[in-house]
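In: Based on what follows, work out the 3D shape:
(one chain, ligands or ions: 1)
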Amino acid sequence: MQHLVDTDQLSREQIHSIFEDTRRFKEKLPPPLLSGKLLFTLFFEASTRTRSSFEVAAKRLGAEIVHLDPSRSSTKKGETLEDTFANLCAMEPDGVIIRHSENDSPSRLAEMEMVPVINAGAGNYAHPTQALLDLYTLWEWFEGDLEGRKVAIVGDIVNSRVAASDIRLFGRFGMDLHLVAPKPFMPVTDLPRHERIEEILDEVEVIISLRAQLERHKKPIFDDYAEYARHYCITEELLDDRGILVMHPGPVMRNIDISDEILDDPRCMVMDQVRNGVYVRMAVLKLLLLDANNFYRL
Ligand code: CP
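Out: Model prediction:
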């Protein structure tokens with residue numbers, strides 16, 4: 001049984017196959033390959049993009065999807081996550097998609113080996129489908145030529161599951177990653193670190209801006225978001241005429257993470273990421289629910 005807790009569970013061949021399927025699905029929607037399949041989503045944290053993107057992806061492939069609302073579920077009455085999951089599995093779904101604040105929630109459920117588990121964001125540990133759609137967006141833009149591309153990840157990196165997954169995945173594809181953050185936002189890392197984006201602005205081809213999560217820091221780092229923005233917001237003034245692609249996993253805090261002008265600028269890839277996310281998730285669902293099953297049956 002194949003799960004997706006993070007992308008290290010995917011071989012390079014599987015990632016290429018996800019990207020080829022994504023490209024094909026973008027050109028022409030496939031027939032309902034997952035007709036008769038049933039998915040549950042279990043989102044213990046808020047989501048706009050990931051949950052709806054999985055739902056659209058499942059429906060475009062003909063699968064049915066049922067959303068459990070944890071705020072109205074029996075976890076509120078003290079049922080453990082494992083018991084909730086086991087009860088849902090007794091209804092014989094073909095996969096469960098989970099978002100949770102705890103880093104190890106998806107892996108704990110995956111270890112139960114009941115149905116394929118897909119991590120839709122766990123703590124600050126991993127967000128594998130976001131990393132796949134981020135990499136796909138660059139793979140498409142650079143026509144597969146990713147080796148050595150210089151990417152700056154900017155902002156609250158230590159709290160970001162997207163950054164954690166991007167770092168692991170992009171590294172496998174030979175990308176040259178640089179982390180840009182104030183010291184308290186910087187994780188323990190062997191990667192090159194910078195306190196100011198200006199230090200590498202003339203070299204980078206891609207900036208991945210992250211949501212400032214000042215509320216997650218115990219000690220105040222900045223007086224307010226305006227002070228953070230003065231140093232880390234991606235603006236027209238900062239980019240000037242440099243041809244740098246600007247990405248962000250969302251939700252974007254306007255004029256704190258990225259300025260209004262840059263959000264409307266052709267260099268901004270945020271909506272491309274969201275659009276690609278549906279097709280990438282279609283390819284992931286196909287891989288886990290169809291192709292992996294066929295592989296294991298051989
Ligand atoms: N990128 C992302 O995880 O967005 P949501 O929180 O809206 O799902």
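In: Check the stretch 151-298 of the chain for the residue nearest the ligand and tell me.
Out: Nearest residue of the stretch 151-298 of the chain to the ligand: residue 249, at 3.8 Å (Cβ to the nearest ligand atom). (C-beta placed from N, C-alpha, C; glycine too.)
In: secondary structure class for that residue?
Out: Classification of residue 249 by DSSP: H, G, I helix; E, B strand; the rest coil places it in coil.
In: Test my guess that it contacts residue 165.
Out: No - using Cβ atoms under 8 Å, residue 249 is not in contact with residue 165, being 9.7 Å away.
In: Give the intersection of the neighbour lists for the two.
Out: 127, 130 (Cβ atoms under 8 Å, 6 or more residues apart in numbering).
In: From what I see, residue 24 and residue 30 are in contact.
Out: Yes - the criterion here is Cβ under 8 Å, and residue 24 meets it with residue 30 at 7.3 Å.
In: Could you report the distance from the residue of the stretch 151-298 of the chain closest to the ligand to residue 109?
Out: 23 Å (Cβ to Cβ, to the nearest Å).
In: ditto for residue 263
Out: Separation of residue 263 from residue 109 (Cβ to Cβ) stands at 36 Å.
In: the more surrounded of these two?
Out: residue 109 (26 against 17; other Cβ atoms under 10 Å).
In: just to confirm, which helix or strand has that one in it?
Out: According to DSSP states H and E, residue 109 maps onto helix 105-111.
In: starting at the chain centroid, how far to the following helix or strand past that helix?
Out: Moving toward the C-terminus from helix 105-111, the next helix or strand (DSSP H and E) is strand 117-122. Mean C-alpha position of strand 117-122 versus that of the full chain (Cα atoms, centre = their mean, to the nearest Å) differs by 9 Å.
In: same for strand 117-122, what does it pack against?
Out: helix 49-60, strand 95-100, helix 105-111, helix 128-141 (3 or more Cβ pairs under 8 Å, 6 or more residues apart in numbering; DSSP states H and E).
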